[in-house]
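Visitor: Here's my sequence, what's the structure:
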Amino acid sequence: LTWRSVTQKRGSRTYFMSQPADVNDYGGFAPHKNYCPHADTAIQIPNNLSVKLQVISLQNANQGKVTCSMPDCNETECWLCLTCHQVFCGRYGAQHMIEHNAGNPAHCFAMGINDLSFWCYGCDDYVNHLSVKRVWDFYEVAHIARHNQGIPRELLTKTTFNKHPNLSTLPAITDDENENENDDDDASGKEKEQPLQLALALLNDVIATMESAQSAKK
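Guide: Okay, here's the model as predicted:
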């Protein structure tokens, strides 16, 4: 068996490995990060995103229309820049997506068009769309554009990002508000005490009347 040395570039890293000479590397499953500090700023989701992403539909892909946007490059193993939404070929092609990020470091997030995977050049790693809300928001639109159908319900149940409002964004309660709240509690307590005091006073009047009546009989 003859082996060959293979070099792969991923972001700023270069990977070296050996594989059989008669075996082509088509990628495969890779670990994903569940957090990314670049997602909120690098991923742009305009109102017309669904229209822009029609270019990645399976229909266009099957017709060979999903190719690198660089002149004279017909590579079909492509990635979509999530900042400017241009299509560039990946590391198995002419690596125009890598060049695009190198010239535009802020454009650090890309989505694999064939498998809708997400890569962050800032983190130099894949990012899990089920764990990062901003990535998921983009994935939802991309999935519909790619497959012409909604997100499967079973996939929705696998998301792990916080689906509730972020409590840290709520305004803090001030000392004045605390004092007002305490005043309200005191007032509420006094209101509750008033009926009880009236009942006790009425009971005392009844007892006094009964005692007076008994004294009169004697």
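Visitor: Which per-residue confidence value corresponds to Thr160?
Guide: Thr160 is assigned 90 on the pLDDT scale.
Visitor: In contact with it, which residues?
Guide: Residues counted as contacts of Thr160 (Cβ atoms under 8 Å, 6 or more residues apart in numbering) are 34, 130-131. From N, CA and C alone the C-beta is placed, and that goes for glycine too.
Visitor: Show the pLDDT at Asn114.
Guide: Confidence score, pLDDT, at Asn114: 89.
Visitor: Any idea how many residues pack against the closest residue to it other than its chain neighbours?
Guide: Excluding its sequence neighbours, the residue lying closest to Asn114 (Cβ to Cβ, 6 or more residues apart in numbering) is Glu77, at 6.9 Å. By other Cβ atoms under 10 Å, 19 other residues sit near Glu77.
Visitor: show me the contacts for Glu77.
Guide: 89-90, 92-93, 114.
Visitor: Quick one: buried ones out of the contacts of Thr160?
Guide: Neighbour counting with 16 or more other Cβ atoms under 10 Å marks 130-131 as buried within the contacts of Thr160.
Visitor: picking up where we left off before, okay, the residue nearest to Asn114: pLDDT?
Guide: 91.
Visitor: Could you report the separation of it from Lys33?
Guide: Applying Cβ to Cβ, to the nearest Å, the value for Glu77 to Lys33 is 22 Å.
Visitor: For this protein, give me the ranges with low pLDDT.
Guide: 1-30, 163-218 (pLDDT under 70).
Visitor: Could you pull out the strands in it for me?
Guide: In the chain, the strands defined using DSSP state E lie at 3-10, 13-20, 32-33, 78-81, 87-89, 109-112, 118-120, 125-127.
Visitor: picking that back up, out of the contacts of Thr160, who's nearest Ser57?
Guide: Of all the contacts of Thr160, Ser57 sits closest to Leu130, with 22.8 Å by Cβ to Cβ.
Visitor: Can you tell me how far that closest one is from Leu156?
Guide: Counting by Cβ to Cβ, the gap from Leu130 to Leu156 is 9 Å.
Visitor: again with Arg91
Guide: 31 Å.
Visitor: Check His147 too.
Guide: For His147 relative to Leu156 (Cβ to Cβ), the value is 15 Å.
Visitor: before we move on, what about Gln54?
Guide: 23 Å.
Visitor: Next: Asp124.
Guide: 29 Å.
Visitor: what does Val66 give?
Guide: For Val66, the distance to Leu156 - Cβ to Cβ - is 27 Å.
Visitor: between those two, who's got more neighbours?
Guide: More neighbours surround Val66 than the other of Val66 and Leu156, with 21 against 12 (other Cβ under 10 Å).
Visitor: show me the contacts for the more buried one.
Guide: So Val66 contacts 55-56, 60, 76, 78, 87, 113 (Cβ under 8 Å, 6+ apart).
Visitor: Filter those residues down to the buried ones.
Guide: 55-56, 60, 78, 87, 113.
Visitor: Counting neighbours, what do you get for Leu116?
Guide: With other Cβ under 10 Å as criterion, Leu116 counts 17.
Visitor: let's have the chain start at 603 instead
Guide: Sure thing, new numbering starts at 603, so read that last one as Leu718.
Visitor: Could you count how many residues lie near Phe740?
Guide: 23.
Visitor: Pull the contacting residues for it.
Guide: 645, 647, 651, 684, 713, 731.
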